[in-house]
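Novice: Sequence and predicted structure, then a few things I'm wondering about:
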Amino acid sequence: MENGMTEKQKIFADEYIISLNATQAYKKAYPNVKKDAVARANGSRLLTNANVKAYIDERLEKLKSERVADQQEVFEFLTAVMRGEVTEPVLVLDGEGTQRVSMVQPSVATRRNAAVDLGKHYGLFVDKQEITQRTIEIKVGEWDADED
């Protein structure tokens, strides 16, 4: 087996990735084990096995990278929205009073927001802030108690 894991360890790791529950994953990999306490203890022990842990970490990282948009994908989407190249379903009334779904381009406001988001990233807009400087002068001197 790859990574020095047994077939049952791989089943455990794959089930753990799905449920994130070591007890449940252990019982699926080792169906002869019926007691939760045994499955919990052995599942916990398997999670500390270097090969099993490395396999789980690698698989979770791969799943994460497949499910999370990267910077390029976000920019491409914002650009497509800005250019009106995408459509979205909108519920509209036709002339006979019935509703239907129509695919329409994003509104001007939505397209403008996408353009602003892109512009902010590229530093096209600079917020001007008025800065007021005040100088406070503090005089330190002798205090004469007789003047009270």
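Specialist: Received it, and whenever you're ready, just let me know what you need. Numbers count the residues shown, from 1 in each chain.
Novice: Strands along this protein, start to end?
Specialist: Using DSSP state E, the strands assigned to the chain run over residues 88-93, 99-104.
Novice: Give me the contacts around the first one.
Specialist: What it means is strand 88-93. Contacts with strand 88-93, where a contact means CB atoms under 8 Å, 6 or more residues apart in numbering, come from Gln99, Arg100, Val101, Ser102, Met103, Val104, Pro106. Just so you know, the C-beta spots here come from the backbone N, C-alpha and C atoms, and that holds for glycine as well.
Novice: For burial, what's the neighbour tally of Gln71?
Specialist: Residues near Gln71, counting by other CB atoms under 10 Å, number 8.
Novice: same question, Ile11
Specialist: 17.
Novice: Wait, it touches Tyr26, no?
Specialist: No: the criterion here is CB atoms under 8 Å, and Ile11 misses it with Tyr26 at 9.6 Å.
Novice: one step back: among the strands of the chain, which comes closest to Val140?
Specialist: strand 88-93 (67.4 Å; CB to CB).
Novice: how far is that closest one from where the chain is centred?
Specialist: 29 Å (CA atoms, centre = their mean, to the nearest Å).
Novice: Next one: the residue nearest the centre of the chain from Lys120, what distance?
Specialist: Taking CA atoms, centre = their mean as the criterion, Val68 is the residue nearest the geometric centre of the chain, at 6.4 Å. Using CB to CB, to the nearest Å, Val68 is found at 21 Å from Lys120.
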